[in-house]
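In: Mind folding the following:
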Amino acid sequence: MASRSFRASRSNLSATSDTLDGQNKPPLPPTVTFGRRTSSGRYVSYSRDDLDSELGSTDFMNYTVHIPPTPDNQPMDPSISQKVEEQYVSNSLFTGGFNSVTRAHLMDKVIESEASHPQMAGAKGSSCAIPGCDAKVMSDERGVDILPCECDFKICRDCYADAVKTGGGICPGCKEPYKNTDLDEMAVDNARPLPLPPPSGMSKMERRLSLMKSTKSVLMRSQTGDFDHNRWLFETKGTYGYGNAIWPKEGGFGNGKDDEVVEPTELMNKPWRPLTRKLKIPAAVLSPYRLLIFVRMVVLGLFLAWRVKHPNNDAIWLWGMSVVCEIWFAFSWLLDQLPKLCPVNRSTDLNVLKDKFEMPSPNNPTGKSDLPGIDVFVSTADPEKEPPLVTANTILSILAADFPVEKLACYVSDDGGALLTFEAMAEAASFANIWVPFCRKHGIEPRNPESYFNLKRDPYKNKVRPDFVKDRRRVKREYDEFKVRINGLPDSIRRRSDAYHAREEIKTMKLQRQNRDDEPVESVKIPKATWMADGTHWPGTWLNPASEHSKGDHAGIIQVMLKPPSDEPLLGTADDSGFIDLTDVDIRLPLLVYVSREKRPGYDHNKKAGAMNALVRASAIMSNGPFILNLDCDHYIYNSQAMREGMCFMMDRGGDRLCYVQFPQRFEGIDPSDRYANHNTVFFDVNMRALDGLQGPVYVGTGCLFRRIALYGFDPPRAKENHPGCCSCCFARRKKHTSVANTPEENRALRMGDSDDEEMNLSLLPKKFGNSTFLIDSIPVAEFQGRPLADHPAVKNGRPPGSLTIPRDLLDASTVAEAISVISCWYEDKTEWGQRVGWIYGSVTEDVVTGYRMHNRGWKSVYCVTKRDAFRGTAPINLTDRLHQVLRWATGSVEIFFSRNNALLATTRMKFLQRIAYLNVGIYPFTSIFLIVYCFLPALSLFSGQFIVQTLNVTFLTYLLIITLTLCMLAVLEIKWSGIELEEWWRNEQFWLIGGTSAHLAAVLQGLLKVIAGIEISFTLTSKSGGDDVDDEFADLYIVKWTSLMIPPITIMMVNLIAIAVGFSRTIYSVIPQWSRLIGGVFFSFWVLAHLYPFAKGLMGRRGRTPTIVFVWSGLIAITISLLWVAINPPSGTNQIGGSFQFP
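Out: Numbers count the residues shown, from 1 in each chain. Model prediction:
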């Protein structure tokens, strides 16, 4: 019955949204029906309306506000009831999806071990004293029991609600009416009065915006007597400089009275300061760099012209192939080099950020944080390839980050729906109770426990607190036990499931014997389920897959592992932890949510991009942070202030036009020689810095701080102002200002169209974002909260200071139920999710496409290189894994080239050099075709006795020398302004050839197959686990795993080695030796072999061991030596080289 009601409500909403234009009515909220499993095992069906009427109905709250309380009518305070509801939500596992009831399963136990932190799901607490009920008693932020009656009778949230609604408000213990005097005292937080209930009919969005409006600064309204920047600037002789204010001598401004003048003393003492600075590359480096690029372009043009005009008539085929390849190489070099003309560096000022957003001011007297919220997304899919311990360490580094606790939320996407990941995250939440306060108390860096305890430097350096050694020793012991628990989870889950399964079989056999008295009992076969710690079935993927419990077929799951923290700091005491003294340390933890989206057969779930979009929707409903930080499960926060550094760019002047801040990827566990260029420093420190001087760096999939409304597909503010069209005129501008002026301020920057006059039409949003009114209501709120502070006239589209210091909305069951509905498999049907909204579908490199779409709409991005690495992760150091990783990237680039995301089709909002950079992203794999041909040319030259030119004359050698020297000088200058090392540049050159002759060619073939024949490409996850050899940190480096990608490089090496031997033998025994042709061919063969040296070294495996490949190489060398011997000492009776063998 409930599922039918759910489907009907969705169809009714669709019909309603289609007729909105005619009725001019706001869309109706969807009525989601869901059930709740009580501790006794019964299910209670609730709708959102029922919940609202039970916990927050306007009639109920108006009754408590307007009617004087009497001794027989003392209901619980609304604020307390909301907090109790939030505690109930955090202890419930929400499941649901398509054609199924959304259920809230109350869990008294999430993991086998006890949960001690009051914010954690299943936290230890007193049990309800009502007979037959074993639920937990209501508690406050510190875990202290909330007892609504003076007799201290312990009662849970459900039983208390029953007593108030159906029991006449009588306490089941003392049989006296409830008195809420104690509750009132607990509700008042820091002597702040409780907020009045919202008026009836007001949505969450309207309530949130009304609170923000009430705290607006009066910068816009000078009648109040406060300082008005705009009026002072335009009605006086005042002017502004860059970074500070220049005041007129007569200073002051009017406030509505002609005679009264108010001095802006606050701004006189604190001039406006920027949060970020652009550091230009020194002209002594940049000017020669640009000059060399121009010189090399000219020389390449002259060289190619000379090559075309001087063919080798003796080997026209060899000349033709070489010229075609050289022309392509020159074109490819131009695409790569032109975007590097304007590299920049940037720096941030965290002190200014703290002064502006976290210090007391007239608009923020308490000094509460005025920073916008950040939702952190962590994605994982397979606990076997992405170990839960790695993911848990990433979660712990996020929870311990140096950012306002109440403004931070972490969402873990488990696309595999594995109970192992679920319980590992619960264990991490439990350990965070010790780890996070320890980090705050002692300023620990990095805040990943695995990395911190494995540091090779002195851990006691700069530590002055006398209890640090004792605390560190205790936390280290707790972390070791935590690791053992994580490592033992697979066996623990398996043993638990086997035990419960055996119990179920015994129960079933007993029932059969009772029903069949004398008949023989047949063997019972029941599905072998996976059981949770509280003795119930896991709703996700089972260890033994079954219907509705497999990787591609399971319900949506949301579990609030750590409920939202209190709004005020919660300072610890000596008794808060049995391990370390937490006196005066904030013990709050950020919101932590486990999410596993619904999966059903027959739906395209779009891999990682689909999982990210599900998190975007769920987080918009639950916390709605204006900014989103995206991290892979193996990328942890290495710099606890990284988010503050990214926020400096978003909150600075003009920051509202930034779609994302990309951080460089840094890696750990790479071999010291970086054999396969895993650090990728040339890309992250050269190419990305160069793009930062244009429209911004590309999005690389992790370590990126997004603006939420940019992910929603909206255009940047002032799009036409920054990109005027050729037909713009004064009339159009006046029209734009008129339409914008009539638009509510909260919606003013939201546009989804090519024209600024096309304002956001709220009635069309369900067709773009889906039918969730919660989600649609959250969009203007996220846009408003993400604006920079309006503390300077140059800051356009800003928000008033102090507008984000208000408390957040408490979580309730209807909110989480709505989040379940938006992660269902059907929600994206007939919407623009994946097409224009969120992460873009259709490519294995969804990250590049998503960033391209934002730049194509006119957004800008910024590259944030911090002094201390912001994030660190792992990279595959095994040759085969590395080649498959490069294959995936290159295949995505080929898909981009053959799609509508080709940079040739970009709009005029994208800058020319930025377009060239994106064009290079789609074209670079095709270089592999010409590169392989060019690698075989030296061998063909040695075999045939010809060369790519007629003779090695001075002109050819001069061109070759100039081209080589300019390339080397450009490399030196790039090293100078980027800070990389020469060895890193050379490793990148080597792996460019290794990847170009293996993975890139395969990517071109797979991309063509997909475009022409429609054959889809499947990729396996890159393994995040280490090798089996625990004694060697780099054991994976020496493992030789065969793949077909190795065939082209091996063939190139073999052919070039044999060709060198043949070339030498021919030249030595020829009547007229052609030494110039031999030298040319051997030089280029050695050039090829030098680039392939790391590849050959990888095939040899570990030193001291003899893999099979060594015997193969021994045979090849033996054949080569034999050919040389036959050439040097031919058989008697013939004067030909090699006897009767004739070289071509």
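In: going forward, measure contacts between C-alpha atoms and count neighbours the same way
Out: OK.
In: N515: how many residues sit nearby?
Out: Applying other Cα atoms under 10 Å, we find 10 residues neighbouring N515.
In: State the pLDDT value of it.
Out: Turning to N515, the model gives it a pLDDT of 74.
In: How about I962?
Out: If you check I962, the pLDDT there is 93.
In: again with the one 4 residues further on
Out: On the pLDDT scale, T966 is placed at 93.
In: Surely it forms part of a strand?
Out: No - using DSSP: H, G, I helix; E, B strand; the rest coil, the assignment for T966 is helix, not a strand.
In: residue contacts, it?
Out: By Cα atoms under 8 Å, 6 or more residues apart in numbering, the residues touching T966 are L292, R296.
In: what's the average pLDDT for stretch 333-340?
Out: For stretch 333-340, the mean per-residue pLDDT is 93.
In: residues of it that come out buried?
Out: L334, L335, D336, Q337, L338, P339, K340 (16 or more other Cα atoms under 10 Å).
In: what's the pLDDT at R221?
Out: For R221, the model assigns a pLDDT of 38.
In: mind checking the longest helix of this protein?
Out: Counting residues, the longest helix found in the chain (DSSP state H) is helix 468-515.
In: Tell me the helix or strand right after that one.
Out: For helix 468-515, the following helix or strand on the C-terminal side (DSSP states H and E) is strand 556-562.
In: Provide the contact partners of that next one at residue level.
Out: So strand 556-562 is contacted by 89-97, 119-121, 425-426, 429, 539-540, 589-599, 816, 820, 823-824 (Cα under 8 Å, 6+ apart).
In: For the residue nearest to the spatial centre of the chain, name its beta-bridge partners.
Out: Residue closest to the average C-alpha location in the chain (Cα atoms, centre = their mean): N630, at 1.3 Å. For N630, the beta-bridge partners under DSSP bridges are F377, C704.
In: Tell me who's in contact with it.
Out: V376, F377, V378, G701, T702, G703, C704, L705, F706.
In: Let me know how buried A104 is, in neighbour terms.
Out: 28.
In: Surely it touches F94?
Out: Yes - judged on Cα atoms under 8 Å, A104 makes contact with F94 at a distance of 4.5 Å.
In: And the pLDDT for the closest residue to S928 other than its chain neighbours?
Out: Of all residues not flanking S928 in the chain, G996 sits nearest, at 4.7 Å (Cα to Cα, 6 or more residues apart in numbering). We have a pLDDT of 92 for G996.
In: One more: G979?
Out: Taking G979 on its own, its pLDDT is 86.
In: and the residue lying closest to G654 once chain neighbours are set aside, what is it in contact with?
Out: Closest residue to G654 apart from its sequence neighbours, by Cα to Cα, 6+ apart: V795 at 6.6 Å. Contacts for V795 (Cα under 8 Å, 6+ apart) come out as R653, G654, P788, L789.
In: The second one reaches G798, doesn't it?
Out: Just to be clear, that refers to G654. No - using Cα under 8 Å, G654 is not in contact with G798, being 9.5 Å away.
In: The two: who's more crowded?
Out: Between G654 and G798, counted using other Cα under 10 Å, the more crowded position is G798 (22 against 17).
In: Domains in this structure, by residue range?
Out: 124-180, 284-339+898-1128, 374-511+526-717+767-782+812-875 (the TED database).
In: most neighbours per residue, which of the ones you listed?
Out: Among the domains of the chain, domain 374-511+526-717+767-782+812-875 has the highest mean neighbour count (mean count of other Cα atoms under 10 Å), at a mean of 21.
In: Is W826 in contact with G96, as I believe?
Out: No - here W826 lies out of contact with G96, judged by Cα under 8 Å, at a distance of 12.0 Å.
In: returning to that earlier point: run through the neighbouring helices and strands of the longest helix of the chain.
Out: If contacts are counted by 3 or more Cα pairs under 8 Å, 6 or more residues apart in numbering; DSSP states H and E, helix 468-515 sits against helix 388-399, helix 419-442.
In: Which elements pack onto the last one?
Out: Using 3+ Cα pairs under 8 Å, 6+ apart as the contact criterion, the neighbours of helix 419-442 among helices and strands are helix 388-399, helix 468-515, strand 556-562, strand 591-596.
In: Mind checking the pLDDT average for whichever helix or strand comes after it?
Out: Remark: after helix 419-442, the chain's next helix or strand is helix 449-453, criterion DSSP H and E. On average, the pLDDT along helix 449-453 is 94.
In: Summarise which helices and strands helix 449-453 is packed against.
Out: Helix 449-453 sits against helix 388-399, with contacts defined as 3+ Cα pairs under 8 Å, 6+ apart.
In: chain center to the helix it packs on: distance?
Out: 14 Å (Cα atoms, centre = their mean, to the nearest Å).
In: list the helices and strands that helix packs on?
Out: Contacts defined by 3+ Cα pairs under 8 Å, 6+ apart place helix 388-399 against strand 374-380, strand 408-414, helix 419-442, helix 449-453, helix 468-515, strand 636-637.
In: Need the nearest residue in space to L1092, chain neighbours excluded.
Out: I994 (6.1 Å).
In: if we can go back for a sec, looking at the helices and strands packed on helix 468-515, which is nearest to E984?
Out: Proximity to E984 (Cα to Cα) singles out helix 388-399 among those, at 27.6 Å.
In: Alpha carbons of the closest one, as PDB, please.
Out: The C-alpha coordinates for helix 388-399 follow below in PDB (Å, rounded to 0.1, in the frame of the first residue of the first chain):
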ATOM      1  CA  PRO A 388      38.700  -0.100   3.700                       C
ATOM      2  CA  LEU A 389      41.700   0.900   5.900                       C
ATOM      3  CA  VAL A 390      42.800   3.300   3.200                       C
ATOM      4  CA  THR A 391      39.300   4.800   2.900                       C
ATOM      5  CA  ALA A 392      39.000   5.000   6.700                       C
ATOM      6  CA  ASN A 393      42.300   7.000   7.000                       C
ATOM      7  CA  THR A 394      41.000   9.400   4.300                       C
ATOM      8  CA  ILE A 395      37.800   9.900   6.300                       C
ATOM      9  CA  LEU A 396      39.800  10.500   9.500                       C
ATOM     10  CA  SER A 397      41.900  13.200   7.800                       C
ATOM     11  CA  ILE A 398      38.700  14.900   6.600                       C
ATOM     12  CA  LEU A 399      37.000  14.800  10.100                       C
END
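In: Now do that helix and helix 419-442, the angle between them.
Out: Here the directions of helix 388-399 and helix 419-442 differ by 40 degrees (axes from the mean of the first three to the mean of the last three Cα atoms, to 10 degrees).
In: returning to that earlier point: reformat the buried residues of stretch 333-340 as JSON lines; add distance to N313.
Out: Below are the buried residues of stretch 333-340 laid out as JSON lines (distance: Cα to Cα, whole Å):
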{"residue": "L334", "distance to N313": "30"}
{"residue": "L335", "distance to N313": "32"}
{"residue": "D336", "distance to N313": "33"}
{"residue": "Q337", "distance to N313": "34"}
{"residue": "L338", "distance to N313": "35"}
{"residue": "P339", "distance to N313": "39"}
{"residue": "K340", "distance to N313": "39"}
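In: Against R503, how distant is the residue nearest to S928?
Out: Distance of G996 to R503, given as Cα to Cα, to the nearest Å: 58 Å.
In: Fine by me, thanks again.
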